[in-house]
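J.: Turn this into a model:
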Amino acid sequence: MNRQELRNAPRAAPPAGAVDGTGQMAARVVVERVEPQVDGGRFPIKRTPGETVVVTTDVFADGQDQVAGVLRYRVVRGPGPAHRKDAADSAHWTEVPLTPLGNDAWRASFEVTELGEYEYTVEAWLDRFGTWLEALTKKADAGQDVASELLEGAELVQRAALSDDDMRLLEIADVLRSAAPQAARVTTARDPQLRALMEARPDRTASTMAAPLRVVVDRERARFGAWYEMFPRSCTTDASRPGTLHDAEARLPAIAGLGFDVVYLPPVHPVGRTYRKGRNNALTVEPGDPGSPWAIGSEAGGHTAVDPGLGTIEDFDRFVAAARHLGLEIALDIAFQASPDHPWVKEHPEWFRHRPDGSIKHAENPPKKYQDIYPFDFDSSEWRSLWEALRDVFLFWTTHGVTIFRVDNPHTKPFGFWEWVIAEVRRRCPEAIFLSEAFTRPKVMRYLTKAGFSQSYTYFTWRTSAHELREYLTELTQTELQQYMRPNFFANTPDILHEYLQHGGRPAFEVRLVLAATLSASYGIYSGFELCENVPVRPGSEEYLNSEKYEIRVRDWNQPGNLNELIARVNQIRREHPALQGNETLRFHAADNPMFLWFSKSPPGLRPLDRAGHEPRPTYDRWVFVVANTDPHWTQHGHVQVPIWELGLAPDQPYLVEDLLDGAQYAWRGEWNYVKLDPRERIAHILVVRSITNH
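T.: Residues are numbered from 1 along each chain as shown. Sure thing, here's the model as predicted:
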């Protein structure tokens with residue numbers, strides 16, 4: 001049959017099947033359980049460039065018909081106005097064939113490569129050619145006559161050619177319906193080249209499409225980074241003279257030398273004077289008391305101003321530039337609340353909640369009272385203008401080089417506001433990262449991350465035993481939380497000095513540093529941690545004595561007993577080993593001492609071997625193993641189980657492991673190996689396998 005004959009030939013009737021009310025073929029294929037997804041697609045999953053989205057789904061149809069399908073994905077929002085996708089670009093889908101896993105389960109994956117937002121979905125259809133070929137093969141192998149089946153196959157092949165005008169398929173269709181010996185025509189039908197041609201031209205007229213799902217792609221810093229929190233006003237050698245941004249700039253080289261990536265500042269705005277708090281949160285203030293940076297606003301300005309004691313906005317710009325020169329980013333604390341002296345109190349009294357007598361209500365957490373802070377009224381009739389003003393605060397600081405924001409107490413503001421404002425800011429500044437400081441109920445914490453926060457504070461501070469840490473990290477990395485919640489493990493904060501640090505001495509600080517930095521790809525410490533500051537304001541309290549929130553702290557950063565060397569080494573290890581730059585490969589292993597926390601991480605993309613060796617063998621020296629003694633007081637010893645089957649090691653095979661902290665090497669053999677950790681000498685090992693000795 002030539003091209004003209006093909007064009008004039010009547011089209012074969014579609015296969016019998018149900019017809020919907022529009023006269024179109026009704027889909028018979030079911031597509032369900034498309035994963036990953038968050039709340040049925042209500043919220044996006046999260047990734048960073050270079051990461052993979054592995055999509056699984058269940059696909060099946062009634063009867064014995066075979067099915068086939070594809071994973072479809074596209075970029076719907078690029079990295080900013082200059083790169084925004086036009087309608088034609090956004091309409092283009094890339095397709096990846098689904099791979100069967102058995103039991104009607106299927107899988108495919110794609111890699112995200114740019115900031116913004118992607119969509120992905122699954123489309124599936126009846127594989128009519130595959131169904132026909134399977135039946136033909138079974139009958140032919142049984143010695144049955146397949147003349148009718150060959151004619152059916154010729155129609156299927158011809159229909160595929162009609163759609164693409166493919167002469168090769170037309171030739172094959174002619175062979176299938178020819179008078180050639182049946183065995184020869186069956187051989188033609190079973191040719192893998194024909195199968196490939198037909199798979200490339202599937203009949204998708206009655207396909208089933210799942211609802212699109214979304215993935216937000218943040219930059220790498222949203223996934224991996226070491227944070228250091230500091231108060232610029234404490235960068236001074238004289239407690240009677242607050243440090244300035246210029247003084248704080250002089251501190252940056254030391255912080256960079258410790259290997260940190262982000263310097264996080266409390267609010268840098270003017271501090272109110274009305275009801276200013278004194279030292280240790282006293283209601284009475286003494287001359288020279290600087291007040292709390294979270295009591296924002298004075299006659300010098302509000303959320304878009306710099307406290308005159310720190311300097312000017314130009315000084316801030318120089319500070320940001322100096323940090324960038326050292327490879328540091330500046331994160332700024334955004335606290336949406338105001339002191340009674342904030343300009344907005346007079347300019348927009350409608351944005352605040354009032355008592356029946358007309359006065360503005362101060363913040364309270366009964367029985368605690370915060371007379372120096374006025375919360376905003378998000379139920380105000382003027383909520384739209386309030387939302388827009390708060391959005392503009394973020395946008396103002398992005399124009400001054402800040403693209404990382406730690407948000408104070410977001411759980412006390414409406415979820416809808418955060419979903420809106422984060423999307424608004426990211427639309428203009430895709431590089432923006434938002435850290436949620438929400439030490440609150442688990443479901444509230446999770447919802448905030450769903451609503452758009454790039455990272456979240458966690459309960460790590462209060463998980464101190466090996467059992468608690470295993471349980472909590474398993475939840476964070478092995479449940480659906482891994483798809484949208486990126487933990488940032490702060491070992492301490494200006495508000496939280498856990499009793500573990502209060503009573504555990506230097507070893508407690510050492511082990512919490514190692515655990516925070518290796519369990520989580522993002523972690524942080526608040527200044528003073530490296531000096532093992534551990535005195536609470538009173539027994540049973542988690543507040544620091546002489547808290548830096550209310551006064552200037554002068555420190556000797558090189559005083560004896562500091563952790564500077566350990567911190568620098570741990571951060572160097574994190575940078576040198578990709579395994580520690582993500583959380584998805586975290587695995588806990590068995591230890592016979594309950595005080596030991598024993599775990600490993602491998603680089604993303606390296607799948608561990610199972611005991612049968614079904615996966616390709618990874619490179620063993622790219623794995624990082626950590627064993628930590630969670631008892632800061634006493635020596636602990638015991639055996640840890642090495643997953644030798646994951647490393648490709650034989651039973652009883654000797655190998656050498658090296659502690660990355662100090663270079664010490666240990667000869668190990670087989671699965672179970674002895675470990676002793678004396679807090680006075682070392683509290684943890686960070687290990688890699690350096691060599692394997694063959695039998």
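J.: Can you give me the pLDDT of residue 571?
T.: If you check residue 571, the pLDDT there is 98.
J.: That one belongs to a strand, doesn't it?
T.: No. Using DSSP: H, G, I helix; E, B strand; the rest coil, the assignment for residue 571 is helix, not a strand.
J.: how near is it to residue 227?
T.: 11 Å (CB to CB, to the nearest Å). (C-beta placed from N, C-alpha, C; glycine too.)
J.: any shared contact partners between the two?
T.: residue 260 (CB atoms under 8 Å, 6 or more residues apart in numbering).
J.: Looking at the two now, which is surrounded by more residues?
T.: Higher neighbour count among residue 571 and residue 227: residue 227, with 24 against 20, using other CB atoms under 10 Å.
J.: what sits opposite the nearest residue to the more buried one once chain neighbours are set aside in the beta ladder?
T.: Spatial nearest neighbour of residue 227, chain neighbours left out: residue 524 (3.2 Å); criterion: CB to CB, 6 or more residues apart in numbering. Residue 524 has these beta-bridge partners by DSSP bridges: residue 227, residue 490.
J.: State the pLDDT value of residue 524.
T.: Residue 524 is given a pLDDT of 98.
J.: Dump the C-alpha coordinates for stretch 278-296 into CSV.
T.: C-alpha atoms of stretch 278-296 as CSV (Å, rounded to 0.1, in the frame of the first residue of the first chain):
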residue,chain,number,x,y,z
GLY,A,278,15.7,45.4,81.7
ARG,A,279,18.3,42.7,82.3
ASN,A,280,17.0,39.2,82.8
ASN,A,281,13.6,40.4,81.5
ALA,A,282,13.1,42.7,84.5
LEU,A,283,10.2,45.2,84.4
THR,A,284,12.5,48.0,85.6
VAL,A,285,15.1,49.3,83.2
GLU,A,286,18.4,50.8,84.2
PRO,A,287,20.2,53.5,82.2
GLY,A,288,22.0,52.0,79.3
ASP,A,289,19.9,48.8,79.1
PRO,A,290,19.4,48.1,75.4
GLY,A,291,16.0,46.4,75.6
SER,A,292,14.8,43.5,73.5
PRO,A,293,15.4,43.6,69.8
TRP,A,294,12.0,42.0,69.3
ALA,A,295,10.3,45.1,70.7
ILE,A,296,10.5,46.7,67.3
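J.: Can you give the contact residues for it?
T.: Contacts of stretch 278-296 (CB under 8 Å, 6+ apart): 231, 233, 240, 242, 266-273, 275-277, 302-303, 307, 309, 333, 335, 337-339, 342, 371-373, 408, 537, 543, 545-547, 549-552.
J.: In space, what's closest to residue 104 - neighbours in sequence excluded?
T.: Residue 104's closest residue in space is residue 60 (CB to CB, 6+ apart), at 4.2 Å.
J.: Give me the number of neighbouring residues for residue 93.
T.: So residue 93, with other CB under 10 Å, has 14 neighbours.
J.: Next, the contact list for the closest residue in space to it that isn't next to it in sequence, please.
T.: Nearest in space to residue 93, with sequence neighbours left out and distances taken as CB to CB, 6+ apart, is residue 72 at 4.4 Å. Listed by CB under 8 Å, 6+ apart, the contact set of residue 72 reads 93, 94, 95, 96, 120, 121, 122, 123.
J.: repeat that with 6 Å
T.: Contacts for residue 72 (CB atoms under 6 Å, 6 or more residues apart in numbering) come out as 93, 95, 121, 123.
J.: and these, which are buried?
T.: 121, 123 (16 or more other CB atoms under 10 Å).
J.: between the contacts of residue 72, which is closest to residue 203?
T.: Taking CB to CB as the measure, residue 203 lies nearest residue 123 of these, at 12.6 Å.
J.: Tell me which stretches of the stretch 301-450 of the chain form helices.
T.: Using DSSP state H, counting those that start in this stretch, the helices found in the stretch 301-450 of the chain span residues 313-325, 343-347, 383-398, 415-428, 442-450.
J.: Is it possible to get JSON lines of those helices that adds mean neighbour count?
T.: Converted to JSON lines, the helices of the stretch 301-450 of the chain look like this (neighbours: other CB atoms under 10 Å):
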{"stretch": "helix 313-325", "mean neighbour count": "17"}
{"stretch": "helix 343-347", "mean neighbour count": "15"}
{"stretch": "helix 383-398", "mean neighbour count": "17"}
{"stretch": "helix 415-428", "mean neighbour count": "18"}
{"stretch": "helix 442-450", "mean neighbour count": "17"}
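J.: My guess is the residue nearest to residue 227 contacts residue 230. True?
T.: No. Applying CB atoms under 6 Å, one finds residue 524 not in contact with residue 230, separated by 11.0 Å.
J.: Can you check the pLDDT for the residue nearest to residue 93?
T.: In this prediction, residue 72 carries a pLDDT score of 98.
J.: what's it sitting at in phi/psi?
T.: Dihedral pair for residue 72: phi -110, psi 140, per degrees, to the nearest 10.
J.: again, but for residue 263
T.: With angles defined as degrees, to the nearest 10, residue 263 sits at phi -110, psi 120.
J.: what would the helices of the stretch 301-450 of the chain look like in a markdown table with mean pLDDT and distance to residue 29?
T.: Converted to a markdown table, the helices of the stretch 301-450 of the chain look like this (pLDDT from 0 to 100; distance: least, CB to CB, whole Å):
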| stretch | mean pLDDT | distance to residue 29 |
| --- | --- | --- |
| helix 313-325 | 98 | 53 |
| helix 343-347 | 98 | 57 |
| helix 383-398 | 98 | 44 |
| helix 415-428 | 98 | 34 |
| helix 442-450 | 98 | 30 |
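J.: sorry, back to before: since we're on the residue nearest to residue 227, how many residues are nearby?
T.: Count around residue 524 with other CB under 10 Å applied: 27.
J.: Where does the prediction get shaky in the stretch 251-400 of the chain?
T.: Filtered on pLDDT under 70, the stretch 251-400 of the chain yields no residues whatsoever.
J.: so how far is stretch 583-595 from its chain's centroid?
T.: Chain-centre distance of stretch 583-595: 21 Å, with CA atoms, centre = their mean, to the nearest Å.
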